[in-house]
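S.K.: with the sequence up front, the predicted model follows.
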Amino acid sequence: MLRILLAEEQPAMREAVRARLERAGHEIVQEVGDGPTALRRTLDLKPDLLILSLRLPRMGGLEVLRRLRQHDARTKSLVLTAADSEHVAGMCVKAGASGFVSKLDDLSEMSLAVETIARNHTFFPSAPPARHQRDPRNLTEAEQLASLSAREVTVLGYLADGYANRDIARELSLNSRTVSTYKVRLFRKLNIKSLVELAEVAKRNHILGRGVTGAERYGEPTWPSADDGFKVLRGVLDAIPKALSIRDPAGRLLFANKYLLARHEKEETEILGTELAELDALDAVQAAKFHARYLEAVQRGVPFEIELTLRFKGKHLALLYWGSPLIDSDGITKALVCGVQALQGQELTFLQLRAEKERADAASAAKSLLLAEHAEGLRSHVGKLAEALALLGESGACSAASRRAVSQALNVSEALKAQLDDLQALIVNSHAAVPTMREECNLVEILKELIGALEKRYSGQGVTIHLDDTQIDVAEVWLDPRRFTQVLSSLLAQRLVDTKCHGLEVSLRTEARSRALVLVELGWKDAPGRRRETRAMSGAHGMQVGTALAESLGAELVLLSQAPLHLLLRFTVPRAISRAL
């Protein structure tokens, strides 16, 4: 008889399966209801057979099987699921399952499968369809599904079941932005544009249900953990006091050394197979940027480096991610050794250098303005002296010698005025190299003050301006507050005047970038409400004026939507040293 571990999310189903197996004389060593627990307990207890569902919370059933194979677990497995398509059966074969039984069949089918597996045979009612390499642009729907990673199909199952992004993130212990990244990938790979189409794909292929996972794009890692050379490499990386990992050509985690595990406070079984976007909670843009650089390094067989900024455990971090390929004798990249290096020291240096530069520029600009004012004053005095000398020379009250002296003095004054004109031009041109007078400012405070002034100006119209500042990563920056206030006040006032609306909704988002820079995105759109009159501010002339104002600030004005009108001001400024990490 067999020692069996049962992993099923539904208590009633677990009870029915346990009762039937015990009547047949088998021993149920443990019952579990989620993927991570099923993985840990299988590795610990080493049962003869693991019976598991595809709908396991937090980690899909096929993902559990894939990670067991990475650990060289000898436990046989039987997948028990409501999905009964040949496509799903094929995924079970690829993941290493010993059998596949649909919950839609009688439980006697499961008993037959257990007995068959006990005799060292496999149990698959239908043979899985063969896969062929074809141009990705001409893939069938089944081939598109087969191209999805395990976690992508897991997310597909949740989305098809109607789960919201935040609920999927909670179920799978992910960041909601990471779930959004998977959603974008699913739409692209399946060539769909809506959740309705996604649900139809899932329904047609019997992939409804959370936790269903699929085949991997690159197949299983070609360097299994049982390989002696791979074990030696793991041992070396584990001994290095830095956070290091090994990832397969698709970017999935094969190994994490103890320092990386300590950094994330995770067990190895919890994070094996994850991508960087999942592990470090990168947003969609960062994840796409990293993934593109990673795949390029795999294709070319060369190392790579990329700087990213993120929040980790509540702290803002600037990090350098790097990878170096492990290439076999045929020149094929089998995996990448990857690491991460904190750039806090470098970022602090950038902060200090930028602060010194901004202060020096401000001092230079102030001196230039002061010199220009003095040159203008001196030029004025020389002009008045020349006028007096000219009057004296014309009066006829002086001798010929005096008139000659006056004439010479006039020539000197004209030469002096010419030299002062040159000096003033040099000063102005020198000041032009410093187009703004930046100061250490708090963006939120400046914006709130500006909004208060606009509401006061248009109080007779009952105007209100709502500010959303919930997406602030960094508030303290180097900025020319006067120019910023003038430009933004003109842009917002233009919209209020053009629409005669009740108000605006303004949103401020800032994102810390590496090298002590901050991306600022300031958007505004009409607040909901009745409009008395609307003129085409968004026409060619209005946008030209807005673009010119934005350019004077060194910013870009972006039209996000025409109806309703939604504008975005985007620019990058240095981070203030008060935000030193």
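M.R.: Nice, thanks for sending it over. As the structure is a computational prediction, the values presented were derived from the model and not from experiment.
S.K.: what's the spacing between residue 565 and residue 121?
M.R.: Noted for residue 565: a distance of 67 Å to residue 121, by C-beta to C-beta, to the nearest Å. Heads up, the C-betas are built off the backbone N, CA and C, glycines and all.
S.K.: before we move on, what about residue 53?
M.R.: To residue 121, residue 53 is 22 Å away according to C-beta to C-beta.
S.K.: just want to know which of residue 565 and residue 121 has more residues nearby.
M.R.: residue 565 (19 against 11; other C-beta atoms under 10 Å).
S.K.: over to the more buried one: give its phi and psi.
M.R.: Taking degrees, to the nearest 10, you get phi -70, psi 130 for the backbone angles of residue 565.
S.K.: any regions of the stretch 151-300 of the chain where pLDDT drops low?
M.R.: Applying pLDDT under 70 to the stretch 151-300 of the chain flags residues 173, 206-231, 281.
S.K.: would you map the strands across the stretch 251-400 of the chain?
M.R.: For the stretch 251-400 of the chain, strands defined by DSSP state E, counting those that start in this stretch occupy the ranges 253-256, 304-312, 315-327, 333-342.
S.K.: hey, which of those strands is tucked in deepest?
M.R.: For the strands of the stretch 251-400 of the chain, the largest average neighbour count (mean count of other C-beta atoms under 10 Å) is found in strand 253-256, namely a mean of 23.
S.K.: helices or strands next to that one in the packing?
M.R.: Helices and strands in packing contact with strand 253-256 are listed as strand 244-247, helix 268-271; criterion 3 or more C-beta pairs under 8 Å, 6 or more residues apart in numbering; DSSP states H and E.
S.K.: one more time with 6 Å
M.R.: With contacts taken as 3 or more C-beta pairs under 6 Å, 6 or more residues apart in numbering; DSSP states H and E, strand 253-256 sits against strand 244-247.
S.K.: name every strand pairing with whatever helix or strand residue 508 lives in and say which way it goes.
M.R.: Using DSSP states H and E, residue 508 maps to strand 503-513. Paired strands of strand 503-513, with direction, are strand 464-472 (parallel), strand 517-526 (antiparallel) (DSSP bridges).
S.K.: just name the most buried of the ones you listed.
M.R.: Across the strands paired with strand 503-513, averaging neighbours per residue (mean count of other C-beta under 10 Å) puts strand 517-526 on top, at a mean of 19.
S.K.: tell me the mean pLDDT over the following helix or strand past that strand?
M.R.: Once strand 517-526 ends, the next helix or strand along the chain (criterion: DSSP H and E) is helix 540-552. Average pLDDT, helix 540-552: 72.
S.K.: out of everything not next to it in sequence, what's closest to residue 555?
M.R.: Nearest non-adjacent residue to residue 555, counting by C-beta to C-beta, 6 or more residues apart in numbering: residue 571, 3.6 Å away.
S.K.: what about the one you found, how many residues close to it?
M.R.: Neighbours around residue 571, by other C-beta under 10 Å: 17.
S.K.: same thing with the one 3 residues further on?
M.R.: Burial of residue 574, expressed as a neighbour count using other C-beta under 10 Å, amounts to 21.
S.K.: and it, what element?
M.R.: strand 566-574.
S.K.: can you pull the buried residues of that strand?
M.R.: 566, 567, 568, 569, 571, 573, 574 (16 or more other C-beta atoms under 10 Å).
S.K.: now do that strand: which elements does it pack against?
M.R.: When contacts are defined as 3+ C-beta pairs under 6 Å, 6+ apart, strand 566-574 packs onto strand 476-479, strand 517-526, strand 556-561.
S.K.: now these in a markdown table, with distance to residue 545 and mean pLDDT?
M.R.: Below are the helices and strands packed on strand 566-574 laid out as a markdown table (distance: least, C-beta to C-beta, whole Å; pLDDT from 0 to 100):
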| stretch | distance to residue 545 | mean pLDDT |
| --- | --- | --- |
| strand 476-479 | 22 | 84 |
| strand 517-526 | 15 | 87 |
| strand 556-561 | 10 | 85 |
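S.K.: and residue 283, which of those is closest to it?
M.R.: Residue 283 sits nearest to strand 517-526 of all the helices and strands packed on strand 566-574, at 12.0 Å, using C-beta to C-beta.
S.K.: next, the angle from that closest one to strand 566-574.
M.R.: Interaxial angle of strand 517-526 relative to strand 566-574 (axes from the mean of the first three to the mean of the last three C-alpha atoms, to 10 degrees): 160 degrees.
S.K.: for strand 517-526, give me every contacting residue.
M.R.: 474, 477, 501, 504-513, 564, 566-573, 575 (C-beta atoms under 6 Å, 6 or more residues apart in numbering).
S.K.: cool, and stretch 47-65?
M.R.: With contact meaning C-beta under 6 Å, 6+ apart, stretch 47-65 is reached by 2-9, 29, 34-36, 38-39, 42, 75-78, 80-81, 91, 95-97, 150, 154, 171-172, 209-213.
S.K.: chain center to it: distance?
M.R.: Centroid separation for stretch 47-65 versus its chain: 30 Å, with C-alpha atoms, centre = their mean, to the nearest Å.
S.K.: coming back round to it: same list, the buried residues of strand 566-574, but as CSV with distance to residue 269 and pLDDT please.
M.R.: Output for the buried residues of strand 566-574, formatted as CSV (distance: C-beta to C-beta, whole Å; pLDDT from 0 to 100):
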residue, distance to residue 269, pLDDT
566, 46, 85
567, 49, 88
568, 44, 89
569, 47, 90
571, 45, 90
573, 44, 86
574, 44, 85
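S.K.: show me which pair in those is furthest apart.
M.R.: So, the buried residues of strand 566-574 by C-beta to C-beta: farthest apart are 566 and 574, at 27.8 Å.
S.K.: thanks again, I'm all set now.
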